[in-house]
Structures are given as structure tokens and as C-alpha cells.
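Colleague: Any chance you could fold what I've pasted below:
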Amino acid sequence: MRVTVRRRGRHVAEPSGARYAIAFLDVDETLLTINSMSSFLVAHQRARGRTPEQVSALLRELHALDVGGDRDAVSRAYYATFAGERADELAALGERWFADLSLDVFHAGVADEVTALRDAGTYVVLVSGAPPATVAPVARALGADAWFATVQEDVAGVLTGVATDAVIGARKAFVVGQVTRERGVAADECVAYGDHASDLPMLESVGAGVVVGEDPVLTAASSRHGWRTIPAEPSVPAQSSVPAQSSVLGGPVDR
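Modeller: Numbers count the residues shown, from 1 in each chain. As a prediction, this is how the structure comes out:
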């Protein structure tokens with residue numbers, strides 16, 4: 001089922017007739033208004049019988065690493081929580097997690113723009129540091145043509161808890177180069193959407209960047225490059241017992 005977004009409140013102007021060969025999108029707090037990694041981690045922990053106190057303690061540990069600024073440490077700790085899980089069972093949990101969310105978790109302005117681009121023939125690619133279990137259902141709902149997520153190592157279908165290819169920072173720019181080469185498209189014919197400083201390499205590797213929200217690094221870059229900006233939208237709670245976002249685990253872990 002593809003996304004049909006109802007606009008909520010004030011909406012930004014659509015792109016002025018711009019056409020792009022490929023659109024690259026960050027997911028958390030760009031295409032979605034929520035931090036899917038936080039939300040999914042809570043759903044996973046609850047599904048495994050963890051108490052609210054245990055879940056909160058885990059999120060506090062991750063938040064402490066986040067505050068320390070060691071992004072690699074945050075990523076390692078996050079993916080270590082899935083050690084011992086069967087990859088197929090985690091994927092199934094991701095489907096249930098996404099089914100419990102309201103479509104209002106999509107940023108209306110971004111989703112509407114990208115849907116219009118997709119319908120006009122633009123190849124749409126999601127590029128996220130989140131796990132495949134969360135990115136796959138989001139990509140399918142949007143009707144994306146391809147998606148890239150952090151690779152989780154598995155042995156005979158069982159996750160080791162190690163992330164072997166975290167799609168963050170410069171790795172997102174690498175994905176842009178890979179996809180444009182494979183499709184025979186010039187990078188300056190493409191557009192990229194992001195909300196966080198770690199998305200800067202991706203935005204600077206294409207012809208047009210779109211900044212979602214008010215990240216100071218991206219805001220400065222948008223002034224230098226003449227990029228468009230789209231205001232952030234408030235996150236909308238999920239319709240079920242699975243929270244759409246945890247405020248304990250901050251933005252940087254999801255990039």
C-alpha cells in the first residue's frame with residue numbers, strides 16, 4: 001500500500017517544476033517525523049518481555065553515549081541489542097511495528113514532494129542508518145525504487161549484534177555514487193533530502209539539496225549552496241501501544 005499523505009497545517013511550496021533523475025532521502029526525521037530506530041527498539045524490547053524500567057534503562061545508556069558524541073559507539077551499542085535474534089523474525093517484527101504506526105508519521109511536505117517526483121518518473125532511493133527491519137516497510141509504503149540500510153551481520157540467519165556497514169555520514173555519499181554509476185546518471189541531475197549534519201556529504205554529492213528542519217550545519221550549508229529548506233513537522237504518536245518516538249534516544253543514532 002502506497003502512502004497518501006493528508007497535509008497537516010502549514011505546508012511549504014512544492015518544487016518549482018524541478019525534475020530530477022534520482023531522489024535520495026534520509027528516513028528518520030526527514031521522510032518520517034519520528035526516530036524510527038528509537039521507536040523500533042522499544043517495540044523490540046517490549047516484544048521480548050522487557051519491563052518498562054528495563055527499556056528506559058537501555059535508552060538512557062544509549063542516550064549517554066549519544067551525549068558523549070561518539071556516534072560509532074552509539075551505533076555499536078544499538079545494534080548489539082539485536083544479538084541472537086533471527087534475521088527473519090526481526091524483519092517480521094519490523095512489519096508489525098510499521099503496521100501499528102499512523103501514516104501521519106510521514107512528513108507531509110517531504111512525502112508529497114517525493115510522491116510527485118516519483119509519479120513524474122524520478123527514481124526514489126531511501127538511504128538510512130536504521131536497520132532493514134524498519135527501512136523496508138517504509139520504502140514499500142512510499143513506493144521507493146530502492147533502499148539502503150545498515151547491514152547487520154548474521155551467521156546462519158542469526159544476528160551477531162554487529163553492524164558491518166553503517167549507512168551514515170560519508171557512507172551515504174558513497175551510496176549516491178554507487179547508484180548514479182549503476183544507473184548511468186550524473187549526480188548533478190539528482191536531489192537529496194536530509195535533516196542532520198551527518199547528511200551533509202549526501203546533500204553535497206548531488207545537484208540539489210533539500211534541508212528538512214533547522215540543523216545549524218545544514219542551515220549554513222543551505223545558505224552557501226542555495227538549497228531549499230522545509231520546516232520540520234511535529235511527530236505524531238503511533239496509534240497503538242508502540243510509541244512512535246522515544247525522546248530518550250536522540251537524533252544522531254538514527255542517521
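
Colleague: low-scoring stretches of the chain, by residue?
Modeller: 1-17, 69, 236-255 (pLDDT under 70).

Colleague: For it, which segments are assigned as strands?
Modeller: 22-25, 123-127, 146-148, 151-155, 158-165, 190-194, 208-212, 228-230 (DSSP state E).

Colleague: Present these as JSON lines; the columns should include mean neighbour count and distance to Glu89.
Modeller: (Glycine included, C-beta is placed from N, CA and C.) Shown next, in JSON lines, are the strands of the chain (neighbours: other C-beta atoms under 10 Å; distance: least, C-beta to C-beta, whole Å):
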{"stretch": "strand 22-25", "mean neighbour count": "26", "distance to Glu89": "27"}
{"stretch": "strand 123-127", "mean neighbour count": "23", "distance to Glu89": "23"}
{"stretch": "strand 146-148", "mean neighbour count": "20", "distance to Glu89": "20"}
{"stretch": "strand 151-155", "mean neighbour count": "15", "distance to Glu89": "11"}
{"stretch": "strand 158-165", "mean neighbour count": "16", "distance to Glu89": "10"}
{"stretch": "strand 190-194", "mean neighbour count": "27", "distance to Glu89": "31"}
{"stretch": "strand 208-212", "mean neighbour count": "25", "distance to Glu89": "33"}
{"stretch": "strand 228-230", "mean neighbour count": "18", "distance to Glu89": "36"}
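
Colleague: closest one to Leu90 among those?
Modeller: Within the strands of the chain, the stretch nearest Leu90 is strand 158-165; the backing value is 6.8 Å (C-beta to C-beta).

Colleague: helices or strands up against that closest one?
Modeller: Counting contacts by 3 or more C-beta pairs under 8 Å, 6 or more residues apart in numbering; DSSP states H and E, strand 158-165 is packed against helix 71-80, helix 87-99, strand 151-155.

Colleague: And for it, what's in contact with it?
Modeller: Residues outside strand 158-165 that contact it (C-beta atoms under 8 Å, 6 or more residues apart in numbering): 75-76, 78-87, 90, 150-154, 171.

Colleague: ok, of the residues you listed, which come out buried?
Modeller: Buried members of the contacts of strand 158-165, scored by 16 or more other C-beta atoms under 10 Å, are Ser75, Tyr78, Tyr79, Thr81, Phe82, Glu85, Ala87, Leu90, Thr150, Gln152, Asp154, Arg171.

Colleague: give the contact list for the fifth one.
Modeller: When you say that, I think you mean Phe82. His44, Leu90, Pro131, Gln152, Leu159, Gly161.

Colleague: Go through these and say which is closest to Asp199.
Modeller: Among the contacts of Phe82, and counting by C-beta to C-beta, the member closest to Asp199 is Pro131, at 18.1 Å.
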